[in-house]
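Colleague: What follows is a predicted structure for the sequence shown.
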Amino acid sequence: MSFSGIYPITDDAFMRRPDHEDILSEVAGAGIAMLQFRAKHGDRDEARRQVARLLAICRRHEVPLIVNDDVELCAQGGADGVHLGRTDSDIAGARAALGAGAIIGATCHGSLELARFAQVQGADYVAFGRFFPSVSKPQAPPARLEVLRAARDTLDLPVAAIGGINRDNARETLAGGADLLAVIYAVFGASDPGAAARNLVRIHAAFTAA
């Protein structure tokens, strides 16, 4: 698969919307690179049901499904991979649990040192941010766009950017060195999430083709 493109992130609260399946199908069909699911509220049975519904949507559109933080939920649900934060399971342990074919991403905030360690541990991509004011995680530690270029120059991994990314700053973030643009509010906070996702996909495609 290609670790380049738009990487929307949804959560269990959004999946309680009555229209969530239609919206998520539109987003998954917009040409995105991957879709991530975050289970925030601790109901394991409901999270497993939500992963099953999301996986069916993603399979229809041939989009990998990534589970945030939870290796066990990823394995039980048959998702394609897991994204790990600094306080979550270690990358080597996740690889052992999920297998060689699983996608494993790692949050590095603004730290190249964390990214280098993630690469050694076997991550498939690293994520930096937040780069702009964020509606979804306003208290997330800030990062400088320069870390994206430094990561591209020193690592052999695709680089994701997250935190306040939207259609107005997407090109700036791509120019900074991002391969993947991870977005939450820019898609799922929009009045038409499918259209928002398609617009970001067009921006990414136009930048990479230039």
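Modeller: Nice, I can see it.
Colleague: ok so V147 is a strand residue?
Modeller: No: counting by DSSP: H, G, I helix; E, B strand; the rest coil, V147 falls outside a strand, being helix.
Colleague: can you pull the contacts of it?
Modeller: 110-112, 128 (Cβ atoms under 8 Å, 6 or more residues apart in numbering). Quick note: C-beta positions are derived from backbone N, CA and C, even for glycine.
Colleague: want to try CSV for the residues you listed, with neighbour count, distance to A13 and pLDDT as columns?
Modeller: Formatted as CSV, the contacts of V147 follow (neighbours: other Cβ atoms under 10 Å; distance: Cβ to Cβ, whole Å; pLDDT from 0 to 100):
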residue, neighbour count, distance to A13, pLDDT
G110, 18, 28, 95
S111, 18, 29, 95
L112, 16, 33, 96
F128, 29, 25, 97
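Colleague: from the residues you listed, which ones fall inside strands?
Modeller: Members of those lying in strands (criterion: DSSP state E): F128.
Colleague: Please flag which of the contacts of V147 sit within helices.
Modeller: L112 (DSSP state H).
Colleague: tell me which of the contacts of V147 is nearest to E26?
Modeller: Distances from E26 to the contacts of V147, taken as Cβ to Cβ, are shortest for F128 (28.1 Å).
Colleague: Return the distance of that closest one relative to V187.
Modeller: 19 Å (Cβ to Cβ, to the nearest Å).
Colleague: now A33
Modeller: 13 Å.
Colleague: Common neighbours of these two, please.
Modeller: Jointly contacting A33 and V187 under the rule Cβ under 8 Å, 6+ apart are I6.
Colleague: Please say which of the two ends up with more neighbours.
Modeller: V187 (27 against 22; other Cβ atoms under 10 Å).
Colleague: C-terminal to the host helix or strand of that one, what's the next element?
Modeller: Taking DSSP states H and E as the definition, one finds V187 inside helix 185-188. Sequence-wise, the next helix or strand downstream of helix 185-188 (DSSP H and E) is helix 193-209.
Colleague: and that following helix, which residues are buried?
Modeller: Within helix 193-209, the residues scored as buried using 16 or more other Cβ atoms under 10 Å are 193-194, 196-201, 203-204.
Colleague: do stretch 114-131 as well
Modeller: 114-119, 121, 123-131.
Colleague: what packs against the helix holding V187?
Modeller: strand 5-11, helix 20-28, helix 193-209 (3 or more Cβ pairs under 8 Å, 6 or more residues apart in numbering; DSSP states H and E).
Colleague: which residues sit against it?
Modeller: Counting by Cβ under 8 Å, 6+ apart, 6, 8-10, 14, 23, 27, 134-136, 165-167, 193, 196-197, 200 sit against helix 185-188.
Colleague: let's see it at 7 Å
Modeller: For helix 185-188, contacts defined as Cβ atoms under 7 Å, 6 or more residues apart in numbering pick out 8, 10, 14, 27, 135-136, 165-167, 193, 196-197, 200.
Colleague: Appreciated, that's everything.
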